[in-house]
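Novice: one predicted model, sequence on top.
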Amino acid sequence: MTAVTTTPSRGIADTVAHAISTPEKEQPFDALGLTPGEYAEIRQILGRRPTSGELAMYSVMWSEHCSYKSSKKYLRQFGEKVSPAMKKNLMVGMGENAGVLDVGEGWAVTFKIESHNHPSYIEPFQGAATGVGGIVRDIISMGARPVAVMDALRFGDIDDPDTARVVHGVVSGISFYGNCLGLPNIGGETWFDRVYQGNPLVNALSVGVLRHEDLHLANATGAGNQVVLFGARTGGDGIGGASILASDTFSEGGPTKRPAVQVGDPFAEKVLIECCLELYREKLVEGIQDLGAAGISCATSELASNGDGGMFIELDKVLLRDPTLTAEEILMSESQERMMAVVTPEKLAGFLAVTAKWDVETSVLGEVTDTGRLVIDWHGEEIVNVDPRTVAVDGPVYDRPVAYPAWQDALQADSASALPRPTDAATLREQFLALLGSPNLADPSWITDQYDRYVMGNTALSFPDDAGMIRIDEESGLGFVIATDANGRYCQLDPYRGAQLALAEAHRNVAVTGAVPVGISDCLNFGSPENPEVMWQFSQTVDGLADGCLALEIPVTGGNVSFYNQTGDQPIHPTPVVAVLGVIDDVARRVPSGWQDDGHNIYLLGVTREELDGSAWAGVIHDHLGGLPPVVDLAGEAALAGLLHAASIEALIDSAHDLSAGGLAQTLAEAVLRFGVGARVWLGDICERDGIDASVALFSESAGRVIVSVPREDDVKFLGLCEGRNYPVLRIGVTDSTSASLEIQDQFTVSLADLQSRHRSTLPSRFAQ
Amino acid sequence: MRIGVVTFPGSLDDRDAARAIRLAGAEPVALWHGEHDLHGVDALVLPGGFSYGDYLRCGAIASLSPIMAEVIGAANSGMPVLGICNGFQMLTEAHLLEGGLIRNDHGSFICRDQGLRVENALTDWTGGFAAGQEITIPLKNGEGGFIASAETLERLEGEDRVVVRYVGVNPNGSLNDIAGISNARGNVVGLMPHPEHAVEPGFGPDTADAMRSGTDGITFFTSVIERMLVSA
């Protein structure tokens, strides 16, 4: 710890006494994003006008981002629609920094996905980098060691001139921060669609593991315990509204507008991770909270609210990067790589020794009190005196107007079934290759190769397999699996069903690896909540997810809502990114997404219907979006997952790959490309059984389907398993290591080399330097 | 047999290196950069990572850490020292190895399963390979382009001090496809690819036989153990 002298800031703080004596002073609440009604409520809560510091705190904590004021009403469902089975393994649910699940053998897994969309459009590199940093700190603050990251990305049209700027910035930001932290990036997804042109989505996910006894929570209890801020110094980055406030309060000299995007230092965060883990090991921490959105305002009010309710802070003890910062700016700064801990007085010396070992700067800001008030002093004068629950917990809740979109019926009536489908083999082949090279189905390894997937030595699966898998315990082989999915096109057609399809797909992507799905985290990306049609999409989405989770009996453990993703009046497609976490008792029995051996039978599980509405085929070939997305049968998905788990346990399958965007054609191509081993496939039996034509067999996106490869000697057992579980199964082909091609019998053949060049060239041709 | 792994602030692959040493049959010993103490180890690994955030130059600040005085002394008296990726960068910054590592020629970080040819199978860390043997181990770096003056390059090549060379693809623009080099004595070796990520079936690179089953990297660690047993 270093003693640092800071130059006192300019001007005089707006103290509580000053606020009482100047009740009529005009305050810039609207510039800070508060409505007149919210400002009046703050005055009523306090029985006086807020000080400028209090106004800063309320304005950031009552923002949509921090308070969930438009979504709270709906999100309650995730806590209400639960069965006993869903609670069984849930150690920490929604409301903490991240949810925690018991995964057995004394281990727990914590994970969360969170948006960093708006900063990533303004400054893609730092926006994406600090998105990774923020979610990783959420994981650390639960007492866990972060062990993996993953990202769900949405960009604008791949050929729009601005897209390359955003892609380069976001990908290199994630690469820069994640690689330097030493966390393997084990998957994720990337989509391009013009609806995201002015609003790219950067949803960052992190997973951590911990022993049950290492669980930490964000609460400040025990009067007299010390409140400690440690990590990076507080600077002027990430201050949005504070400069407005400061310039109003202290107009002399006119403080400069400070950048609203934070700047990340992954080295500082890596050191902070190791420092925190050592503090936990030495049992030196009572409560802990990371500093993210709303900085010290959030950390102090949340820690106090979740604990005994009282806290006293001397704000001038905060170590500053910029000594000219005002009290309000310090309260609102979103400088990265900072944590706040509650430490007993006896353990303080030990705590400081550990932070000194790691060269992590630390300052004791104050202590927990039993007053029920959060009191903050600035140079000896009281500038904040509030009930912390009114800041952090009991914020406004809105019941925003909801309206069924005027265009929804017309969109749903415009089915893809009216589009011309190929009838000859040459056109089928051409369309198959067009899909394979289309931006959303093309090989994203230009992106994933910029991420370290090996560090820590526990990666059992990563891209291009369907999900990422990490070994938790080196002795037993216990591991977790994670996959994220969302199809905004489906959600635009029907947000309820689209959300369930995202859930079903992520669930299936976990199941194909041989794991058992156990929990979800979601990141709900939408347009403006002030648009009643967007609120309808949102309410339908949450209904769909909550009902879906109940049907699958896996709990929502946490997540994040991102509204206002729109440019002008045009909102993005509703994009609920669903992350499903699964558990596998031994990662050694994991199943890859492609076959490696010759002469294995290829089976299609599930039935194929004429479901081309919202499909990649309709989008890529016809630039069409209309109709109703595929039907979803969650009981069927659960049965499929059970079947795959049993087949994996009995070692009957050598590969399993989910069918989703692009249909069977895309899945076959990816399974061939996984290890470069070809296949011969026939469509006749599918067409006959399901009453469809070859183009539907290849391109339909019916849910509940997976292809598996089965060694011949296990054929009988595998078919018996499917029959016993009454799941539709059909032999559709055989693997062939000699042909170096994918042959669709009676239709077309494509060589491995052609598959590779079509699949791999799309992203490099746009983005490689 | 005890092999030390030095952790610097920002080291990332230190636990992986320790696991590789254990799997190879020796005892890994965790060493802290701030100490002047090698705890009596028989060999040393400087692991990969982003020590000090790669600030200034990769490996430059770490090369001035307190423990580096002992590392340099031990290396000069013949103790086997392996620098992997950031560790290689530290060894060049500490002048235990010649040349330097610069930003990849394509400008991006790259992670791939990399083909290598073992050019010198006589060093302390490569004795278990056959000269000319081709192996695959993961590579992951942003600043892995090997450079040296023409004169130094000629000397390295002439004295057989190029230990491993990239085959198939040169992933970062390294001169002469150089992936790793040694000092004249052959006890100090630095390379950009990560042998510690190809030591355990199930967690290494894909092979023609099975996914993630590549373990070519373990030979770097078994080589040094055998060498020390012979010299003991």
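Specialist: Noted; the coordinates are in hand.
Novice: what about A:Ala665, neighbour count?
Specialist: Neighbour count for A:Ala665, taken as other C-beta atoms under 10 Å in any protein chain shown: 27. Heads up, the C-betas are built off the backbone N, CA and C, glycines and all.
Novice: hang on, it in a helix?
Specialist: Yes: according to DSSP: H, G, I helix; E, B strand; the rest coil, A:Ala665 belongs to a helix.
Novice: roughly how far does it sit from chain B?
Specialist: Distance, A:Ala665 to chain B, by C-beta to the nearest C-beta, to the nearest Å: 24 Å.
Novice: surely that residue touches A:Leu698?
Specialist: Yes: applying C-beta atoms under 8 Å as the test, A:Ala665 and A:Leu698 come out as touching, 4.1 Å apart.
Novice: shared neighbours of those two, which are they?
Specialist: Counting by C-beta atoms under 8 Å, 6 or more residues apart in numbering or on different chains, the contacts common to A:Ala665 and A:Leu698 are A:Phe432.
Novice: and the residue in the stretch 551-700 of chain A that chain B sits nearest to, backbone torsions?
Specialist: Nearest to chain B in the stretch 551-700 of chain A, going by C-beta to the nearest C-beta, is A:Pro592, at a distance of 5.1 Å. Main-chain torsions, A:Pro592, degrees, to the nearest 10: phi -80, psi 170.
Novice: contacts only, for the residue nearest the centre of chain B.
Specialist: Nearest residue to the geometric centre of chain B (C-alpha atoms, centre = their mean): B:Ile84, 2.9 Å. Going by C-beta under 8 Å, 6+ apart, B:Ile84 touches B:13, B:17, B:45-48, B:190-191, B:193-196.
Novice: packing partners for the longest helix anywhere in chain B?
Specialist: Secondary structure assigned by DSSP state H gives helix B:218-231 as the longest helix of chain B. For helix B:218-231, the packing partners by 3 or more C-beta pairs under 8 Å, 6 or more residues apart in numbering or on different chains; DSSP states H and E come out as helix B:14-24.
Novice: just checking, what packs against the helix it packs on?
Specialist: Helix B:14-24 packs on strand B:2-7, strand B:27-32, helix B:218-231, going by 3+ C-beta pairs under 8 Å, 6+ apart.
Novice: for the last one, buried residues please.
Specialist: Just to be clear, that refers to helix B:218-231. Across helix B:218-231, burial judged by 16 or more other C-beta atoms under 10 Å in any protein chain shown covers B:218-228.
Novice: let's have the residues you listed in CSV, adding pLDDT and distance to A:Met86.
Specialist: Output for these, formatted as CSV (pLDDT from 0 to 100; distance: C-beta to C-beta, whole Å):
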residue, pLDDT, distance to A:Met86
B:Ile218, 98, 44
B:Thr219, 98, 49
B:Phe220, 98, 48
B:Phe221, 98, 46
B:Thr222, 98, 49
B:Ser223, 98, 52
B:Val224, 98, 52
B:Ile225, 97, 51
B:Glu226, 96, 55
B:Arg227, 94, 57
B:Met228, 91, 55
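Novice: now the two most distant members of these.
Specialist: Maximum pairwise distance in the buried residues of helix B:218-231, criterion C-beta to C-beta, is 15.9 Å, between B:Ile218 and B:Met228.
Novice: how much space is there between the residue in chain B positioned nearest to chain A and A:Arg590?
Specialist: Closest contact between chain B and chain A, by C-beta to the nearest C-beta, is at B:Gly53 (2.7 Å). In this view, B:Gly53 and A:Arg590 are 34 Å apart by C-beta to C-beta, to the nearest Å.
Novice: neighbour-wise, which of those two wins?
Specialist: Remark: of B:Gly53 and A:Arg590, A:Arg590 carries more neighbours, 24 against 19, as counted by other C-beta under 10 Å.
Novice: the more buried one: what's it in contact with?
Specialist: Listed by C-beta under 8 Å, 6+ apart, the contact partners of A:Arg590 are A:460-461, A:469, A:479, A:481, A:513-515, A:584.
Novice: so who does the nearest residue to B:Gly40 once chain neighbours are set aside touch?
Specialist: Nearest residue to B:Gly40, sequence neighbours excluded (C-beta to C-beta, 6 or more residues apart in numbering or on different chains): B:Arg2, at 6.9 Å. The contact partners of B:Arg2, by C-beta under 8 Å, 6+ apart, come to B:26-29, B:39-42.
Novice: and which of those residues is nearest A:Lys357?
Specialist: Using C-beta to C-beta, those come closest to A:Lys357 at B:His39, 17.5 Å.
Novice: I'd say that closest one and B:Gly4 touch.
Specialist: Yes: between B:His39 and B:Gly4 there is a contact at 6.6 Å, judged by C-beta under 8 Å.
Novice: now do the shared contacts for the two.
Specialist: B:29, B:31.
Novice: would you map out the domains in chain A?
Specialist: A:16-70+A:219-392, A:592-769 (automatic domain parsing).
Novice: ranked by average pLDDT, which of the ones you listed falls at the bottom?
Specialist: Looking at the domains of chain A, the lowest mean pLDDT belongs to domain A:16-70+A:219-392 (a mean of 88).
Novice: please see if it touches chain B.
Specialist: Yes: interface with chain B: domain A:16-70+A:219-392 contributes A:265-268, A:270-271, A:357-359 (C-beta under 8 Å from any C-beta of the partner chain).
Novice: now do that domain: distance from first to last residue.
Specialist: Using C-alpha to C-alpha, to the nearest Å, one end of domain A:16-70+A:219-392 lies 20 Å from the other.
Novice: picking up where we left off before, what's the distance between the residue of chain B closest to chain A and B:Asn76?
Specialist: To B:Asn76, B:Gly53 is 29 Å away according to C-beta to C-beta.
Novice: residue ranges in chain B under the pLDDT threshold?
Specialist: Along chain B, segments meeting pLDDT under 70 span B:232.
Novice: enumerate the residues of it near chain A.
Specialist: B:9-10, B:12-13, B:15-16, B:19, B:34, B:49-50, B:52-55, B:106-112, B:138, B:140, B:142, B:194, B:196-197, B:199-200, B:202-203, B:206, B:210-212.
Novice: which of those residues count as buried?
Specialist: For the residues of chain B next to chain A, buried by 16+ other C-beta under 10 Å: B:9-10, B:12-13, B:15-16, B:19, B:49-50, B:52-54, B:108-112, B:138, B:140, B:142, B:194, B:196-197, B:199-200, B:202-203, B:206, B:211-212.
Novice: in strands, which of the residues you listed fall?
Specialist: B:110-112, B:138, B:140 (DSSP state E).
Novice: determine which two of those are furthest apart.
Specialist: The farthest-apart pair in those, when distances are taken by C-beta to C-beta, is B:Ile110 and B:Pro138, at 10.6 Å.
Novice: nothing else from me, thank you.
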